[in-house]
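Trainee: I need the structure of the sequence given here:
(4 chains)
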There are 2 protein chains.
Amino acid sequence: MTENDKLTEEKIFEAATDVFVDKGMDGARMQDIAIHAGINKALLHYYYRTKDQLFNAVFEMIAGKVLKKFAPVFEDNLSLEEKIRFFFKEHIKFLQENPKLPAFVLNEINRNPARIKKLLKNVHFETLWQKLYEQHKSELGKYNITEDALPQLMVSIAALSVFPFAARGLIEGILDKVGVDFNDYIEQRKEFAAEFVIRAIRK
Amino acid sequence: MTENDKLTEEKIFEAATDVFVDKGMDGARMQDIAIHAGINKALLHYYYRTKDQLFNAVFEMIAGKVLKKFAPVFEDNLSLEEKIRFFFKEHIKFLQENPKLPAFVLNEINRNPARIKKLLKNVHFETLWQKLYEQHKSELGKYNITEDALPQLMVSIAALSVFPFAARGLIEGILDKVGVDFNDYIEQRKEFAAEFVIRAIRK
DNA sequence: ATTCAGTTAAACTATATAGTTAAACCAACA
DNA sequence: TGTTGGTTTAACTATATAGTTTAACTGAAT
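Mentor: Numbers count the residues shown, from 1 in each chain, chains lettered A, B, ... in the order given. You can find the predicted model right below:
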């Protein structure tokens, strides 16, 4: 029973994830989620009393997953250039497997910016920043980055990786017209983005 | 009467623009639009029979406006480096004045990718691409771009400009925690992004 | 065998919303 | 002065949706 129980809860959670990611909070329907989970509405409400509750559970899981993917950047194991190459390779790979997450997360955050505060509460950026700066202090002389410009650099790196997925509808539309396949384009991007950034910061 | 007529239609259109951009198609309410326009629902439906009609009118106007802002890139008046500097300065300035447009446009396109096809139908990217390549053919030797990599470069440039606005909720949340003001950050970005790209493509 | 939790089906409530309608109002204008 | 079209008010219809309720069913545990 308890196992069955968990199975159902998981089924619901997965179905809800699919539907919310696809349609957004406003566009998603509880009935639709129930059908996707292979159950009925009554049981859905039996597990998650309200749509808000269910959405919050899903959103926190996904946003957490997405944000965690930036963690390796702050680990101290690689040189700056290696780190950049590693990041784009792994991060874009993650997005290839989960192409709809960026648009979903960004949209829901913009729709309700208060959500993000809860998620960032336990992240100490000052410390991370500092850590990153210390790690590469000796290398930084080689590069064209001041500590001051770190936020610009970080956002730029994120942008190069995430934007093609966040703007997928548009980009796919354009690539179609010039006969380029989106997946091929993304595959290429892993290396292009890495080299692009490395060139940009080199003195 | 006809003038008054136009005034009302404009009022409606502006109110609808505000509300749709803010809440998205799914989140917007006709009642809310009517109130914003200073009229009532009956009159709103008198001018635009359905929500879909009104939304399409608004969306096409905005998406057109947003896409048109990329046009200067294809004009033949500046060197490549000058163009890049000009683009970021002007494009980010436009986004400062219309900070919510990127998130709105990208989200609605992702929610309904068919929309974009209509907008791109009359744009001949092959020609534009070719044109751009011809314009800077003689310069290109200096830079690290093959014709093949142009789509990567263009998307990267767009990403660096647009992403901070598309992901504003998140980025503002992070910047807050490290004591940086979003507007200051954006102001800085005009130059940072331009130099970043120019360095990235230089041999 | 009884109990109990998970589950279903189906009807139900309550509410929000898109869109309609009809009657009246009013300013221009012919 | 009477007509007309933009406008309001307010009530209305129709529908979609979140969430509830109730009765019945099922399979496992005690």
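Trainee: next one: the residue sitting nearest the centre point of chain A, what pLDDT does it get?
Mentor: Nearest residue to the geometric centre of chain A (CA atoms, centre = their mean): residue A:66, 3.3 Å. Note on residue A:66: pLDDT of 95.
Trainee: same check, this time on the one 3 residues further on
Mentor: For residue A:69, the model assigns a pLDDT of 95.
Trainee: check which helices and strands the lowest-mean-pLDDT helix or strand in chain A is in contact with.
Mentor: Every helix and strand of chain A was ranked by mean pLDDT, DSSP states H and E. The lowest is helix A:137-140, at a mean of 84. Contact here means 3 or more CB pairs under 8 Å, 6 or more residues apart in numbering or on different chains; DSSP states H and E; on that basis helix A:137-140 packs against no helix or strand. In this view, the C-beta of every residue, glycine as well, is placed from N, C-alpha and C.
Trainee: thinking again about what came up before, right, is the helix or strand harbouring the residue nearest to the centre of chain A up against DNA strand D?
Mentor: In this structure, residue A:66 is located in helix A:51-68 according to DSSP states H and E. Yes: using CB under 7 Å from any atom of the strand, helix A:51-68 reaches DNA strand D at A:51, A:52.
Trainee: so, in contact with chain B or not, whichever helix or strand comes after the least confident helix or strand of chain A?
Mentor: With elements assigned by DSSP H and E, the helix or strand that comes after helix A:137-140 is helix A:150-166. Yes: Helix A:150-166 reaches chain B (CB under 8 Å from any CB of the partner chain) through A:151, A:152, A:155, A:156, A:158, A:159, A:160, A:162, A:163, A:164, A:166.
Trainee: and if you look at stretch A:110-117?
Mentor: Yes: Stretch A:110-117 reaches chain B (CB under 8 Å from any CB) through A:110, A:111, A:113, A:116, A:117.
Trainee: now stretch A:66-80, how far from the centre of its chain.
Mentor: Centroid separation for stretch A:66-80 versus its chain: 14 Å, with CA atoms, centre = their mean, to the nearest Å.
Trainee: contacts only, for the closest residue to residue A:99 other than its chain neighbours.
Mentor: Nearest non-adjacent residue to residue A:99, counting by CB to CB, 6 or more residues apart in numbering or on different chains: residue A:165, 5.4 Å away. Taking CB atoms under 8 Å, 6 or more residues apart in numbering or on different chains, we find residue A:165 in contact with A:95, A:99, A:100, A:101, A:102, A:103.
Trainee: cool, residue A:182 as well?
Mentor: By CB under 8 Å, 6+ apart, the neighbours of residue A:182 are A:168, A:171, A:172, A:175.
Trainee: what's the neighbour count on residue A:122?
Mentor: Per other CB atoms under 10 Å in any protein chain shown, the neighbour tally for residue A:122 reads 6.
Trainee: I'd like the distance between it and chain B.
Mentor: To chain B, residue A:122 is 11 Å away according to CB to the nearest CB, to the nearest Å.
Trainee: what does residue A:191 give?
Mentor: Distance from residue A:191 to chain B, counting by CB to the nearest CB: 10 Å.
Trainee: name the SS class of that residue, please.
Mentor: Following DSSP: H, G, I helix; E, B strand; the rest coil, the label given to residue A:191 is helix.
Trainee: not including adjacent chain positions, what is the nearest residue to it?
Mentor: Spatial nearest neighbour of residue A:191, chain neighbours left out: residue A:88 (7.6 Å); criterion: CB to CB, 6+ apart.
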